[in-house]
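> Compute the structure for the input listed below.
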Amino acid sequence: MNRKWIGFSGILVGMSASALMQTLVATSLPVIERDLGGMALYSWVFAGYMLASTISIPLFARLADVVGRRTLYVVGILVFLIGSALVGASQSMELLVAFRVLQGIGAGAVAPAALASIGDLFSDEERGKIFGIIGAVQVLANLIGPPLGGWITDTFSWRWGFYLILPVGLLAMILAALGLQDKMRASNWRTLHIDWIGALLIGSGLFIGLLGFQQIGLGAGHLVYGIALCVGTAVLLNFAVQWEQKQAEPVIPIALLSHPSLWRATLGTLLLGFVTNSAVAYFPLYLEKIYEQTATSAGLALLPMLLMAGVASGVGGALANGWPRQAQAAAWVLIIAGFLSLTVMKSSNIGWMTAVIGAGMGLLLPVYLQLAQQAGGDSHLATASGLVQLARNLGGAMGIPLLGIWLLGGEVGQTAFSFIFATLTTIGFAGLLLGLISPRPSVYNEHYLPTD
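Below you'll find the predicted structure:
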């Protein structure tokens with residue numbers, strides 16, 4: 001096995017471990033809460049991780065571009081594993097949430113370094129297919145996670161779910177150390193300049209905004225507070241843009257965002273994150289509340305969506321380089337068809353509908369990643385990849401609380417879920433329009449070039 005495939009194996013193992021951890025946590029959390037208490041912090045086991053991994057992406061993406069992918073990837077995995085070990089040893093819910101935040105910081109470093117490394121290891125023609133492979137493997141990890149987490153929790157202890165991820169992470173570190181490369185020489189570290197003020201402004205703005213969406217989703221009593229937080233986000237991010245435009249080495253080059261391929265890929269991924277996380281959250285709830293299915297049966301309804309997403313991810317990777325506009329249009333049409341069927345049809349047999357939606361979701365992410373990396377070029381590969389990952393996280397964090405507003409008006413019935421699915425159909429139309437107004441194919445291959 002040559003160095004390229006050793007490095008790719010390290011990326012695949014590391015990203016799969018991160019995906020597996022999330023589903024393990026979801027399965028074991030009820031038992032964790034029973035052992036440690038702290039029901040008031042239940043949601044923060046997820047929210048703390050998501051906030052930390054999201055707001056840290058811009059800074060880590062910049063570091064991956066100027067320092068090197070291998071260093072950041074290995075350090076990110078190490079931080080993630082330390083957090084995992086500490087979560088497994090936690091004696092209170094407060095400590096567990098704090099260590100989940102540490103895990104999230106590690107994950108925030110891993111994602112942009114891993115995605116940028118794909119750009120280093122493979123040519124433009126190869127990347128789409130590789131992104132498809134990564135997407136399919138992560139879907140497989142998501143499928144394995146719930147039953148594996150349940151078995152570990154029931155057979156041993158919930159703590160072992162966090163401990164058993166350690167050797168997998170160590171294997172990823174070893175493979176990455178052998179197969180990936182760094183950009184910066186050790187002697188150049190003294191000249192490294194990081195725009196810490198810009199990173200703080202961007203991170204603070206994202207943090208406040210995510211809290212704002214969470215508050216809005218709690219209903220009328222929290223609406224004013226949530227809107228105020230979102231206004232604060234707009235102010236902070238406006239300051240961040242003005243600051244970044246004046247910096248010689250900004251965290252995010254603002255001019256990069258004006259590239260027609262990159263801003264469309266980023267916005268499209270935001271919409272994709274919105275519909276993906278919302279579907280995973282609300283499909284089981286729909287079957288449980290409306291058709292009184294068991295949690296196990298409702299969870300199984302997600303299998304067609306996840307399986308089709310894995311298969312379609314490989315197809316999307318094959319289409320990403322030569323047919324990006326056509327792939328986007330086809331994917332969003334599938335998503336629209338699935339959610340529209342759920343809106344107008346009243347049935348507990350939603351397997352084929354979720355499969356159609358999963359096919360659309362799987363097609364899109366490899367295409368968006370390929371477009372972003374082509375726009376960023378070699379000098380901004382990690383930054384462009386990080387923006388896509390950031391948009392995906394933000395979309396997911398926005399979708400679940402905002403759609404939850406439809407469920408706050410008393411008894412949860414068919415009408416409320418029809419509004420949820422209709423909203424997701426509308427998001428699908430927005431994604432389709434975005435794909436249809438994409439620029440000519442030649443623009444996709446034009447890299448952003450800094451003016452300095």
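
> Could you measure from the residue nearest to S92 when sequence neighbours are not counted over to S84?
Computed as C-beta to C-beta, 6 or more residues apart in numbering, the closest residue to S92 that is not its neighbour in sequence is L36, at 5.9 Å. Where you see a C-beta, it was placed from the backbone N, CA and C, and this is true even at glycine. Taking C-beta to C-beta, to the nearest Å as the measure, L36 falls 16 Å from S84.

> and stretch 19-27, which residues are buried?
Neighbour counts using 16 or more other C-beta atoms under 10 Å place 19-27 of stretch 19-27 among the buried residues.

> what's the most distant pair in those?
A19 and T27 (13.5 Å; C-beta to C-beta).

> Which pLDDT does the model give the residue nearest to S92?
What the model reports as pLDDT for L36 is 87.

> I figured it hits Q91, correct?
Yes: with contact defined as C-beta atoms under 8 Å, L36 and Q91 form a contacting pair (7.4 Å).

> higher neighbour count, the two?
Shown here are L36 and Q91; by other C-beta atoms under 10 Å, L36 has more neighbours (17 against 9).

> so what does the lengthiest helix in the chain touch, helix or strand wise?
Using DSSP state H to define each element, the chain has its longest helix at helix 3-36. If contacts are counted by 3 or more C-beta pairs under 8 Å, 6 or more residues apart in numbering; DSSP states H and E, helix 3-36 sits against helix 44-55, helix 69-88, helix 93-121, helix 124-155, helix 158-163, helix 165-179.

> Also compute the angle for that helix relative to helix 93-121, please.
170 degrees (axes from the mean of the first three to the mean of the last three C-alpha atoms, to 10 degrees).

> Flag every buried residue along helix 3-36.
Quick answer for helix 3-36 (16+ other C-beta under 10 Å): 6-29, 31-33, 36.

> same question, stretch 135-150
135-143, 145-146, 148-149.

> ok, back up a step: between the buried residues of stretch 19-27, which is nearest G310?
A19 (11.7 Å).

> List the contacts of that closest one.
138, 141-142, 145 (C-beta atoms under 8 Å, 6 or more residues apart in numbering).

> Would you reformat those residues as a markdown table and include pLDDT and distance to L272?
Shown next, in a markdown table, are those (pLDDT from 0 to 100; distance: C-beta to C-beta, whole Å):
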| residue | pLDDT | distance to L272 |
| --- | --- | --- |
| Q138 | 74 | 14 |
| A141 | 76 | 19 |
| N142 | 70 | 16 |
| G145 | 72 | 21 |
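
> what's the most distant pair in those?
So, the contacts of A19 by C-beta to C-beta: farthest apart are Q138 and G145, at 10.4 Å.

> follow-up on the earlier one: worst average pLDDT in the helices and strands packed on helix 3-36?
Minimum mean pLDDT among the helices and strands packed on helix 3-36: helix 124-155, a mean of 77.

> Next, the angle helix 3-36 makes with that helix.
Going by the same axes, to 10 degrees, helix 124-155 makes 30 degrees with helix 3-36.

> so what secondary structure elements neighbour helix 124-155?
Against helix 124-155 (3+ C-beta pairs under 8 Å, 6+ apart) you get helix 3-36, helix 93-121, helix 158-163, helix 303-319, helix 351-376.

> Can you convert those into CSV and add a column each for distance to L262?
Converted to CSV, the helices and strands packed on helix 124-155 look like this (distance: least, C-beta to C-beta, whole Å):
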stretch, distance to L262
helix 3-36, 22
helix 93-121, 14
helix 158-163, 36
helix 303-319, 18
helix 351-376, 4
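
> from the middle of its chain, how far away would stretch 57-74 be?
Centroid displacement of stretch 57-74 relative to its chain, using C-alpha atoms, centre = their mean, to the nearest Å, is 17 Å.

> residues of that stretch that come out buried?
Buried, per 16+ other C-beta under 10 Å, within stretch 57-74: 57-74.

> cool, and stretch 121-132?
121-122, 127-132.

> helix/strand/coil for Q293?
Three-state call for Q293 (DSSP: H, G, I helix; E, B strand; the rest coil): coil.

> and the residue lying closest to it once chain neighbours are set aside, what helix or strand is that in?
Using C-beta to C-beta, 6+ apart and skipping the chain neighbours, the partner closest in space to Q293 is L287 (4.4 Å). Element membership for L287 (DSSP states H and E) is helix 260-291.

> Now do that helix against helix 124-155, angle only.
Using the same axes, to 10 degrees: helix 260-291 against helix 124-155 is 30 degrees.

> thinking again about what came up before, from the buried residues of stretch 19-27, pick the one nearest A281.
Taking these together and measuring to A281 by C-beta to C-beta, the closest member is A26, at 10.9 Å.

> quick one, domains of the protein?
1-183, 195-250, 256-452 (automatic domain parsing).
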